[in-house]
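Enquirer: have a look at this fold, sequence not included:
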């Protein structure tokens, strides 16, 4: 799902709220004018209108920001569940043993994985190579999903603090199990999974703050 710029529905609501605020200001000044002397109206009407309009616009902006933040939280929750749905089986298959113990990517196998990274399963010469191709594709799929989360956080599409509350543990553990593979990928392409690494560093720092404050 792509999100570009501001939500047009939100912008329309903001515009309607602003129009309503101005109308309210005009009505309030008109009501006030009926109870005071004409000279006082002439002197104070502009100031009164400006004060009422400013207060209304501040309220409108606050309401809009709250609505925008709520939508960001909802998008974050949706993105997190989509990530878990797309990667949970891959993580269990590629980063855990049959008994459920962690099975991180080890340094000796990184070169073998990178050697078949661009290959398809149908091009495999034997069963071992086929298994390597499947493994590298599934590891890359996990990382690609993480990278999308990280990019969304950097651009403000997702709320980083909310993501921390939802899954800082699973994200940091998964990245730790894939760290050797990430490092190997960067020998080929230095910018590989940079956003994911930055997000994981932030999550770790945020967790350290919580631990220090506990």
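Expert: Okay, I see it. Here the structure is a predicted model, which is why all the values come from computation and not from measurement.
Enquirer: use CA for all of it now, contacts and neighbours both
Expert: Will do.
Enquirer: tell me which other helices or strands the helix or strand hosting residue 166 touches.
Expert: In this structure, residue 166 sits in helix 160-188 according to DSSP states H and E. Applying 3 or more Cα pairs under 8 Å, 6 or more residues apart in numbering; DSSP states H and E, one finds that helix 160-188 contacts helix 38-94, helix 107-115, helix 127-154, helix 194-213.
Enquirer: the same query, at a cut-off of 7 Å, please.
Expert: Where contact means 3 or more Cα pairs under 7 Å, 6 or more residues apart in numbering; DSSP states H and E, helix 160-188 is packed against helix 107-115, helix 194-213.
Enquirer: pLDDT averaged over the longest one - what is it?
Expert: In this case it means helix 194-213. Averaged over helix 194-213, pLDDT sits at 93.
Enquirer: can you give me the buried ones in that helix?
Expert: 195-197, 199-200, 202-204, 207 (16 or more other Cα atoms under 10 Å).
Enquirer: cool, stretch 165-175 as well?
Expert: Buried, per 16+ other Cα under 10 Å, within stretch 165-175: 168, 171-172, 174-175.
Enquirer: run through this structure and note the low-pLDDT ranges.
Expert: 1-65, 214 (pLDDT under 70).
Enquirer: now with 80?
Expert: By pLDDT under 80, the low-scoring segments of the chain are 1-68, 98-100, 213-214.
Enquirer: coming back round to it: what is the orientation angle of the helix holding residue 166 with helix 107-115?
Expert: Calculated by axes from the mean of the first three to the mean of the last three Cα atoms, to 10 degrees, helix 160-188 forms an angle of 80 degrees with helix 107-115.
Enquirer: now the angle between helix 127-154 and helix 160-188, please.
Expert: Going by the same axes, to 10 degrees, helix 160-188 makes 140 degrees with helix 127-154.
Enquirer: turn the buried residues of helix 194-213 into CSV, including distance to residue 70.
Expert: Output for the buried residues of helix 194-213, formatted as CSV (distance: Cα to Cα, whole Å):
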residue, distance to residue 70
195, 24
196, 24
197, 26
199, 21
200, 24
202, 22
203, 21
204, 25
207, 23
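Enquirer: from those, which is closest to residue 120?
Expert: residue 196 (25.4 Å; Cα to Cα).
Enquirer: report the angle between the helix holding residue 166 and helix 194-213.
Expert: 130 degrees.
Enquirer: residue 90: neighbour count?
Expert: 17 (other Cα atoms under 10 Å).
Enquirer: residues in contact with it?
Expert: Listed by Cα atoms under 7 Å, 6 or more residues apart in numbering, the contact set of residue 90 reads residue 138.
Enquirer: tell me the spacing between it and residue 74.
Expert: 25 Å (Cα to Cα, to the nearest Å).
Enquirer: likewise for residue 123?
Expert: 42 Å.
Enquirer: looking at those two, which one has more neighbours?
Expert: Between residue 123 and residue 74, residue 74 has the larger neighbour count (other Cα under 10 Å), namely 15 against 11.
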